[in-house]
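1. mind looking at a prediction? Sequence and model below.
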Amino acid sequence: MRIGSRAVVTPSLRWVGGNRWWLRWKGSVTKSSRAAHVCPSSEGVEDMEQASGRQQKDAIQSIRETSYDLTRESLRRNIGISAHIDSGKTTLTERILFYTGRIRVIHEVRGKDGVGATMDFMDLEREKGITIQSAATHCVWKDHGINIIDTPGHVDFTIEVERALRVLDGAILVLCGVSGVQSQSLTVDRQMKRYSVPRLTFVNKLDRQGANPWRIISQVTEKLKIPAAAVQIPLGLESEIRGLVDVITGETIRFEGSHGEVVVRELIQLPSDVEALVLAKRTQLIETLADQDETLGEKFLMESEITEQDIKAAIRRATLARKFSPVFMGTALKNLGVQTLLDGVVDYLPAPELVENLALRHLERDGSVVEESVPLLSSPESPLVALAFKLEDGRFGQLTYLRVYQGTLRKGDVIVNARTGKKVKIPRLVRMHADDMEDITESLAGDICAIFGLECASGDTFISPSLVDSKLTLESLFVPDPVMSLAVAPKKREAGGGNFARALSRFSREDPTFRVHSDPESKETIISGMGELHLDIYLERMKREFDVECISGAPRVNYRETVFKRADYNYLHKKQSGGSGQFAGVEGYIEPSDDGKTNEFVNAVIGNNIPPQFFPAVEKGFHEAVDSGTLAGYPIQGVRFVLTDGRAHSVDSNELAFRMATIMAMRQAFLKADAGILEPIMMVEVQVPPEFQGTITGSLSRRRGVIINTTADSDYVSIDAEVPLAEMFGYSTELRSFTQGKGEFSMEFRRHQHVPSHIQTSLVEGHASAKAGK
């Protein structure tokens, strides 16, 4: 059944019950628009035009001339593609762009042909074969405009995934058909849940040896805690994969043409084992949906006929409610399964107007500021509300990516930064395609666009001037704390000083997880980030983009200090040097905070022993004190500072005196509160051939690692362990040596944990020696 000179009849397959299918022929003789979808990309089109007659050419021309209206919100989708590193996200995005006609030639990751994948436009990305920063594009599939953000898979660049999911309405979670749910898959899952993003699951790389989609679906349910079921099954696996079977309709799906651009759907007699598998998976799909969707559940319990339309409607409802994830299958590298995944994006993921977005209104009540949630209307006619979620330094200055949540943004408009109150005029409005820009005149509610010449910070809200008095802001994104630091300096200070400062300023503005500060004792410039690769990439970018070669010290672990029990303080600060002096007394206690992470200041003073105007100074002194701990100079976390009483002098008390009294009181109580040092613990996932399992388990144990789980399949063993970050430096070299280059690992921050006593003693002594040397 394909486009050609022959007219065909299109059957519909319905489930009746037991092992029976009911075939119903739709209409009489029709041209098969359902049987094949032709992608308007150059090579595939030329092949088809040469292969067939006039009717194929007419069909291709019809697709090329199809008009679409991106202003219709119901025909738009905003999606992200996220996964663990090396799961095939960028390869999948490249095929999506090809099949939607956005690009005319497919290029592969790592730039093997000297070009590289469209979305990996940085030279570093093409050389290393990984995505470093998210890239936005847009395309059209079956009259639906789709904005796509391709995100990195490495945990060091997790902020790129974070800010993409903050502004997207749906996502595709890509899983490797061999490795399945990995460490970064878990991180991405948490991010999707944090921002309430519905997702489709795509099991990729089914052409690889050892691929097992059913094990992967089981992992999705067990590890990600979201019900999932297959909507397709593969016809064959590994090198034998040749197509798919639609579990809902019973049709076989083949991808023909030089690049799989011709999708052929047909009902044929399946082998008995495949037919039994289709029936079993369809039953499983219906049962899973019945547990999550009330409408289908009622039909299932009443044993009523469940049609294709019932199943698809239930999948959509359950997916939008984030109670279910339909699982699609394929192999992007072999051009199989991508078009049916795009159909799933259109059928099951939400249009912008179906997503509830809330703004925060800040109101003053009883002398305090409270936040009130305000629903936003995804309407072009409403006043503008937009979020700046990403900044880049482009060829023409700062490029700011915006998601428009309400209203319309037009070139030449004047908008207001809700944080600063500053009015700015929009000089240029563009839509991004990787690093290429297309000028547009307006961007409507639900769109993603970019603006030049807009000075702002990541997470700023922009509104229409008419909303200034409403004090509306959008909730910003979650930014994880850095876990590693390096001391850096330009190799040639005379030549690189200016560019060095400009590079650090630009990178810290672009990436909220890249932090820069100066060590007050050593006077060194310290950069902090999410891992070794994260910092290495920025050092390399500094060399390439700013011509500044840097020298760096040994990596520093971002330890923390905390307390483990309650301790009282009673400190009086007195200083007299002629004239008015300083006098302030503070009394109270410190104790561990509830979550062990946040620092809290609690004012529990009864009476007027401390005049109210000095309370802010006490709080400021507490926050200054936790910047540097008493044990080894590391930041303090997880402490609650409770102020219960104090003393003041009518002449000598001032803000400085109370600030200094608080700092000294904190130091006084800190050591009495069983103070300790915390180290970052990483969740490490190592994948190695089975013959190296014992060696790698031993190497992780020597690095103070705790083995959490071990999973084995036919070709690889996956070892999950919690290991201190301080022990992971140089592990990649050791792993390659132990496994003859066959092993790989990934890690992500899990929590801070008390260091062993001998390591704490070493850190404290090292800090004391450094201070004595100064």
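-> Structure's in. What do you need? Predicted, not measured: the structure shown is a model, and the values here were computed from it. Numbers count the residues shown, from 1 in each chain.
2. so what's residue 277 up against?
-> When contacts are counted by Cβ atoms under 8 Å, 6 or more residues apart in numbering, residue 277 touches residue 233. Quick note: C-beta positions are derived from backbone N, CA and C, even for glycine.
3. and the host helix or strand of it, what's buried?
-> If you go by DSSP states H and E, residue 277 is part of helix 272-292. Under the neighbour-count criterion of 16 or more other Cβ atoms under 10 Å, helix 272-292 has 274, 277-279, 281-282, 285-286, 288-290, 292 buried.
4. quick one: it to chain centroid distance?
-> The chain centroid and the centroid of helix 272-292 are separated by 32 Å, computed with Cα atoms, centre = their mean, to the nearest Å.
5. kindly format the C-alpha coordinates of that helix as PDB.
-> Only the C-alpha atoms of helix 272-292 are listed here, as PDB (Å, rounded to 0.1, in the frame of the first residue of the first chain):
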ATOM      1  CA  SER A 272       2.000 -16.600  14.600                       C
ATOM      2  CA  ASP A 273       4.600 -15.700  17.200                       C
ATOM      3  CA  VAL A 274       4.500 -12.000  16.200                       C
ATOM      4  CA  GLU A 275       0.700 -12.000  16.200                       C
ATOM      5  CA  ALA A 276       0.700 -13.500  19.700                       C
ATOM      6  CA  LEU A 277       3.100 -10.800  20.900                       C
ATOM      7  CA  VAL A 278       1.000  -8.000  19.300                       C
ATOM      8  CA  LEU A 279      -2.100  -9.400  21.100                       C
ATOM      9  CA  ALA A 280      -0.300  -9.600  24.400                       C
ATOM     10  CA  LYS A 281       1.200  -6.100  24.200                       C
ATOM     11  CA  ARG A 282      -2.200  -4.600  23.100                       C
ATOM     12  CA  THR A 283      -3.900  -6.300  26.100                       C
ATOM     13  CA  GLN A 284      -1.100  -4.900  28.400                       C
ATOM     14  CA  LEU A 285      -1.500  -1.400  26.900                       C
ATOM     15  CA  ILE A 286      -5.300  -1.500  27.500                       C
ATOM     16  CA  GLU A 287      -4.900  -2.800  31.100                       C
ATOM     17  CA  THR A 288      -2.200  -0.200  31.900                       C
ATOM     18  CA  LEU A 289      -4.400   2.600  30.500                       C
ATOM     19  CA  ALA A 290      -7.500   1.300  32.300                       C
ATOM     20  CA  ASP A 291      -5.600   1.800  35.600                       C
ATOM     21  CA  GLN A 292      -4.800   5.400  34.800                       C
END
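6. can you name the next helix or strand after that helix?
-> Counting by DSSP H and E, the next helix or strand C-terminal to helix 272-292 is helix 294-301.
7. by how many degrees do that next one and helix 272-292 diverge?
-> Taking axes from the mean of the first three to the mean of the last three Cα atoms, to 10 degrees, one finds that helix 294-301 is oriented at 120 degrees with respect to helix 272-292.
8. C-terminal to helix 294-301, what's the next element?
-> Counting by DSSP H and E, what follows helix 294-301 is helix 308-320.
9. what residues of that next one count as buried?
-> Buried residues in helix 308-320 (16+ other Cβ under 10 Å): 310-320.
10. which strands or helices does it pack on?
-> The contact analysis (3 or more Cβ pairs under 8 Å, 6 or more residues apart in numbering; DSSP states H and E) places helix 308-320 against strand 8-17, helix 272-292, helix 294-301, strand 325-329, helix 338-348.
11. give me the angle between that helix and helix 294-301.
-> Interaxial angle, helix 308-320 versus helix 294-301 (the same axes, to 10 degrees): 130 degrees.
12. and helix 308-320, C-alpha only, in PDB?
-> Taking C-alpha atoms only, helix 308-320 is exported to PDB below (Å, rounded to 0.1, in the frame of the first residue of the first chain):
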ATOM      1  CA  GLU A 308      -8.700   2.400  18.200                       C
ATOM      2  CA  GLN A 309     -10.100   5.800  18.900                       C
ATOM      3  CA  ASP A 310     -10.800   4.900  22.500                       C
ATOM      4  CA  ILE A 311      -7.200   3.800  23.000                       C
ATOM      5  CA  LYS A 312      -5.700   6.800  21.400                       C
ATOM      6  CA  ALA A 313      -8.000   9.200  23.400                       C
ATOM      7  CA  ALA A 314      -7.000   7.400  26.600                       C
ATOM      8  CA  ILE A 315      -3.300   7.600  25.800                       C
ATOM      9  CA  ARG A 316      -3.700  11.400  25.200                       C
ATOM     10  CA  ARG A 317      -5.600  12.000  28.400                       C
ATOM     11  CA  ALA A 318      -3.300   9.900  30.500                       C
ATOM     12  CA  THR A 319      -0.100  11.400  28.900                       C
ATOM     13  CA  LEU A 320      -1.300  15.000  29.400                       C
END
